[in-house]
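> need coordinates for the below:
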Amino acid sequence: MRERLRHHLQAHKRWHQRFRHSLRWRLVALFLLLAIGTVVVFVGGTRMALTGSFDLLVKPLLTDYVDRLATEIGSPPDLARAQALVARLPVSVRIDGPAVQWDSHPDRRFERGWMNDKEGHGDMRGLLSRTTADGHRIQFGLGDVIWRERHPWRGLVPLFGLLLLTLLAYATVRRLFRPLDDIRAGALRYGEGRFDTPIPVRRKDELGDLATQVNDMATGLHGMLKNQRALLLAISHELRSPLTRARLNAELSAESSERQALLRDLTLMGELITDLLEGERLAAGPAALKREATDLNTLLREVVATGFAEQPVQLSLADELPVLQLDRPRATLLLRNLIDNACRHGASTGEPVMVSTWVDGDVVCLSVRDHGPGVPEDQLSRLAEPFYRPDSARTRAAGGVGLGLYLCRLVAQSHGGTLALRNASPGLEATVRWPV
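Numbers count the residues shown, from 1 in each chain. A predicted model of the protein is given here:
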């Protein structure tokens, strides 16, 4: 019971949070409150307007009508006339007296309480009853109510009307807020770097103007990014020539410790330029890829055999994996960077690097885990950013300059996949999901 109550409270809290977050449903609720408030004010105002008119208009007419009905029944009361009156008019008649005891509607005695009026109109029981000369008391009331027998659904009309108004209000608000959904989807596309599809401008109002302004802003940002990428590519290309000449001159110099240090630095600079160029190419998305049918398990075994034969790498591969359409050089770069990163950070523990593959629905998954110290949680989300390292060292021996995981993320995204990093306690686990 306690568990059910807790589950109910959590569901209510989630619904309340969604309601507060949704401007669309809040506007619909406001519309319903206004509709209900309008009905209450109208009905209350009508009753107030009619209250003062009852004694002046309705009561004299009702008194005269009841006198005529009592006269028609006669004194002593004539049952035949009373029965004819009930058959002709929608009234009920009850006669109590020394000679006649009769009720036209004995099964509806409980409904006579309405004659004790509490709204300030006076005593309805006295208004609708008469005493004859021979001591009989005749009470009149409503008979077989027409709308109860012929129109049983009439009481549901307000409910259906309110539901219809709710549906119309929701449809109207949804139509009004459709441009906001388009703007939200466009902002998500722009945030992912996909500027090929602009936000559709459906209306010429404030929301249409907002969509146009967001499109203009995205166009400007796209141009700035393209110029920045072109500048970086140009600088990287231009650096390669003097870097090649410097390396050639260093190779021709006499053997010394300074020569070896210079060659190491020149090699590091060459690798950095190569990574920068590759990153800018991958930033273009799927257009930069040359896909071919690839078996991920076979590619993993090749990478481990050629680059990590002397490293403690343990493979746990699924028996059968769907064939993936991958750019083999880029996929090889991803695998090599992930395994190299895990080997460097887990080397001090002596535990092997765990590499696993499996199938999750229509997705092929790859995980690479080390058993090193891991990464602080507040820095985990920034690991795949370019040039970011959780420590202050920027040397190749301490782990490079922070482009490895960045390139892995770009490779995964360009293939339509994702790269996720988490602390495995101990160690760090990188998981790549490839769509089949």
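> what about residue 356, which helix or strand?
If you go by DSSP states H and E, residue 356 is part of strand 353-360.
> tell me what that strand is packed against?
helix 296-307, strand 313-316, helix 328-346, strand 363-369 (3 or more Cβ pairs under 8 Å, 6 or more residues apart in numbering; DSSP states H and E). All C-beta spots, glycine's among them, are computed from the backbone N, C-alpha and C.
> reformat the ones you listed as a markdown table; add mean neighbour count.
As requested, the helices and strands packed on strand 353-360 are arranged in a markdown table below (neighbours: other Cβ atoms under 10 Å):
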| stretch | mean neighbour count |
| --- | --- |
| helix 296-307 | 16 |
| strand 313-316 | 14 |
| helix 328-346 | 21 |
| strand 363-369 | 21 |
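> please render these as a markdown table that adds distance to residue 213 and mean pLDDT to the earlier fields.
Formatted as a markdown table, the helices and strands packed on strand 353-360 follow (distance: least, Cβ to Cβ, whole Å; pLDDT from 0 to 100):
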| stretch | distance to residue 213 | mean pLDDT |
| --- | --- | --- |
| helix 296-307 | 44 | 88 |
| strand 313-316 | 52 | 88 |
| helix 328-346 | 37 | 86 |
| strand 363-369 | 38 | 91 |
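> in the sheet, which strands lie alongside the strand holding residue 356, parallel or antiparallel?
With DSSP bridges as the test, strand 353-360 is paired with strand 313-316 (parallel), strand 363-369 (antiparallel).
> next SSE after the longest one?
To tie it back to what came earlier, the one meant is strand 363-369. In N-to-C order, the element after strand 363-369 by DSSP H and E is helix 377-380.
> next SSE after that next one?
helix 404-414.
> in terms of secondary structure, what does that following helix contact?
Helix 404-414 packs on helix 257-282, helix 328-346, strand 418-423, strand 428-435, going by 3+ Cβ pairs under 8 Å, 6+ apart.
> give me the contact list for the second one.
Which is helix 328-346. Here helix 328-346 makes contact (Cβ atoms under 8 Å, 6 or more residues apart in numbering) with 278, 282, 289, 292, 294, 296, 299-300, 302-304, 307-308, 311-313, 353, 355, 366, 368-373, 399, 404-405, 407-408, 411-412, 414-415, 427-428, 430, 432.
> list only buried entries from those.
278, 282, 289, 294, 296, 299-300, 303-304, 307-308, 311, 313, 353, 355, 366, 368-372, 399, 404-405, 407-408, 411-412, 414-415, 427-428, 430, 432 (16 or more other Cβ atoms under 10 Å).
> returning to that earlier point: right, so of the helices and strands packed on strand 353-360, which gets closest to residue 228?
Closest of these to residue 228 is helix 328-346, at 22.1 Å (criterion: Cβ to Cβ).
> now do the closest one: distance to the chain's middle.
Centroid displacement of helix 328-346 relative to its chain, using Cα atoms, centre = their mean, to the nearest Å, is 36 Å.
> what's the angle from it to helix 404-414?
140 degrees (axes from the mean of the first three to the mean of the last three Cα atoms, to 10 degrees).
> just the CA atoms of helix 328-346, as PDB, please.
Coordinates of the C-alpha atoms in helix 328-346 are reproduced here as PDB (Å, rounded to 0.1, in the frame of the first residue of the first chain):
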ATOM      1  CA  ARG A 328      37.500   2.200 -42.300                       C
ATOM      2  CA  PRO A 329      40.400   4.700 -41.900                       C
ATOM      3  CA  ARG A 330      38.200   6.900 -39.600                       C
ATOM      4  CA  ALA A 331      36.800   3.900 -37.700                       C
ATOM      5  CA  THR A 332      40.400   2.600 -37.200                       C
ATOM      6  CA  LEU A 333      41.300   6.000 -35.900                       C
ATOM      7  CA  LEU A 334      38.500   5.900 -33.400                       C
ATOM      8  CA  LEU A 335      39.400   2.300 -32.200                       C
ATOM      9  CA  ARG A 336      43.100   3.200 -32.000                       C
ATOM     10  CA  ASN A 337      42.500   6.400 -30.000                       C
ATOM     11  CA  LEU A 338      40.200   4.700 -27.500                       C
ATOM     12  CA  ILE A 339      42.400   1.700 -26.800                       C
ATOM     13  CA  ASP A 340      45.500   3.900 -26.600                       C
ATOM     14  CA  ASN A 341      43.800   6.200 -24.200                       C
ATOM     15  CA  ALA A 342      42.700   3.300 -22.000                       C
ATOM     16  CA  CYS A 343      46.200   1.700 -22.100                       C
ATOM     17  CA  ARG A 344      48.000   4.900 -21.000                       C
ATOM     18  CA  HIS A 345      45.600   5.600 -18.100                       C
ATOM     19  CA  GLY A 346      45.300   2.100 -16.900                       C
END
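> so the residue of the chain positioned farthest from its centre, which state does it fall into?
Distance from the C-alpha centroid of the chain peaks at residue 134, with 78.7 Å (Cα atoms, centre = their mean). For residue 134, the assignment made with DSSP: H, G, I helix; E, B strand; the rest coil gives coil.
> now for it: which residues touch it?
Counting by Cβ under 8 Å, 6+ apart, residue 134 has contacts 75, 76, 97, 98, 99.
> please pick the buried ones from these.
75, 76, 97.
> what about the second one, which SS state?
In three-state terms, and counting by three-state DSSP, residue 76 is coil.
> quick one: residues contacting it.
97, 99, 100, 132, 134, 136.
> try it again with 6 Å
Residue 76 makes contact with 99, 134, according to Cβ atoms under 6 Å, 6 or more residues apart in numbering.
> burial of residue 250, as a residue count?
16 (other Cβ atoms under 10 Å).
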